[in-house]
Structure formats: C-alpha cells, structure tokens
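>>> the sequence isn't on hand, but the structure is:
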Ligand code: ADP
C-alpha cells in the first residue's frame, strides 16, 4: 500500500500516519521528522534547513527529493509506505510522480484530511504548549498556514485530476478519523 497523506499543519496527518503504520505494516515516512533528525544531528543539510523550518517556510525541493530518494532506497519501503509532509508544492508532486513511475511503484491513494482553519489554529496552539516546536510560534504558524494555502493546496487538485484523491473529514476523535481513513482505503477491514 503506497499512500500520501495530505492536510494542513494541525490536520492530524502525523498522528494518523503513525496509527496507519501499525495497522498497514508499512513505514511512516515524515519529511518533517526526517528534517528534524538532520537538524538534531547537526548535519550540513540540517544546518541549511534549520532556519527555513523555524520560519515556517519550505526547505528546497532539491534537498527534499534527495532525502526521499535515499529513504525509498531502503528495503522496508518495498511493500509500501505512508508519506506524510510531501509533496508540499506542485514541483514536488511532479517529482514524486516521476520517481514512483521510475521505480515502477505508482501511488495507490492520496488521502486529504480536511479540517477548518479555526480548528487548525487551536490544535497547533495546544501542541505548541506540549511540544515546544520552534515552528509552532505564532508568526511561524501564520507562515505555515499561508504556505499551505498558496503552495500545498494545489497539490490536492493534482491528485484529484489523477483520480487518486480521497477526501476525509478530519474533525472528530482520533478513532473516528482513523476509522474513516481505513474505511476509505480498505473497506472490508475497519477497526475499533
Ligand atoms: P506540519 O505539517 O505540522 O507543518 P512537518 O513536520 O510536516 O509539519 O514539517 C515541518 C517543516 O519542515 C515545514 O514547515 C517545512 O519547513 C519543512 N518541510 C517538511 N516537509 C517539507 C517538504 N516536503 N518540502 C519543504 N519543506 C518541508
């Protein structure tokens, strides 16, 4: 199962991806987590990405593609993956499409978690207190939501046009949203 999870910051992508990883037994690949690991390790790439991320802007497409190609070359992705945080603009969507075709592994689903803007802001504010992420500061959050609207929202259209898009209502309990996703991608196998 090869799945892309789409949704604004605060839409619950990361949380649902972690659950899907257990349920579907395929790795959860979060580009945000991969980048934060580089930052924590103090690698050259991490140093380059750190300030950009803290501002809530997008790290360069070239860095992201290199990182993903690396990740996809590991054997655990052979049976599939849940991609979270990528693609974030149309250039990345094209690059991913080309990469997957080259690997002979077209995407099965693009699942969009739909959550109203007010709720996004509320959720991120809650997480900011709990986790203290640099990019959860109010100014960076504003930038991230703007970047999402201007650059990432068109990616949803991209997958709609490719006939791969499934829209899921992201409002509700974690279990409710999870069951909606499972229901949409594997109807015979609901949980809970
Ligand atoms: P969220 O979805 O909550 O905003 P992520 O953990 O997915 O957070 O990403 C955090 C930051 O990492 C982004 O704001 C961006 O700076 C960087 N990043 C993650 N994925 C990408 C990507 N595909 N392209 C460019 N930058 C990215």
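That came in fine, so what should we check first? In this text, all values refer to a predicted model and were calculated from it rather than measured experimentally.

>>> element containing residue 26?
Using DSSP states H and E, residue 26 sits in no helix or strand.

>>> ditto for the one 3 residues further on
Taking DSSP H and E as the definition, one finds residue 29 inside strand 28-30.

>>> ditto for residue 83
Per DSSP H and E: strand 81-84 holds residue 83.

>>> with residue 4 instead?
Here residue 4 is assigned to strand 2-6, by DSSP H and E.

>>> is the ligand within reach of that strand?
No - Strand 2-6 stays clear of the ligand (C-beta under 6 Å from any ligand atom), getting no nearer than 9.7 Å. (Glycine included, C-beta is placed from N, CA and C.)

>>> which helices and strands does the very next helix or strand once past that strand pack with?
Following strand 2-6 in sequence order, the next helix or strand is helix 13-24 (DSSP H and E). Secondary-structure packing of helix 13-24 (3 or more C-beta pairs under 8 Å, 6 or more residues apart in numbering; DSSP states H and E): strand 2-6, strand 28-30, strand 81-84, helix 174-185.

>>> which parts of helix 13-24 are buried?
13-14, 16-17, 19-21, 23-24 (16 or more other C-beta atoms under 10 Å).

>>> keep only the residues you listed that also lie close to the ligand.
Applying C-beta under 6 Å from any ligand atom to the buried residues of helix 13-24, none is adjacent to the ligand.

>>> identify the residues contacting residue 177.
Counting by C-beta atoms under 8 Å, 6 or more residues apart in numbering, residue 177 touches 12, 16, 113, 168-171.

>>> sitting in helices, which of these do you find?
Secondary structure from DSSP state H places residue 16 of those in helices.

>>> of the contacts of residue 177, just say which sits nearest to the ligand.
The nearest member of the contacts of residue 177 to the ligand, counting by C-beta to the nearest ligand atom, is residue 12 at 9.7 Å.

>>> write out the residues of the protein neighbouring the ligand.
9, 31-32, 35, 52-53, 56-59, 64, 85-86, 88, 92, 135, 144.

>>> what residue in this structure comes nearest to the ligand?
residue 32 (1.9 Å).

>>> wait, a strand at that residue?
No - counting by DSSP: H, G, I helix; E, B strand; the rest coil, residue 32 falls outside a strand, being helix.

>>> thought residue 85 was touching it, still the case?
Yes - using C-beta atoms under 8 Å, residue 32 is in contact with residue 85, at 4.6 Å.

>>> neighbour-wise, which of these two wins?
The neighbour count for residue 32 versus residue 85, taken as other C-beta atoms under 10 Å, is higher for residue 85 (22 against 18).

>>> identify the residues contacting the more buried one.
Residue 85 neighbours (C-beta under 8 Å, 6+ apart): 13, 30-33.

>>> select the helix or strand of this protein having the lowest average pLDDT value.
helix 117-131 (a mean of 88; mean pLDDT, DSSP states H and E).
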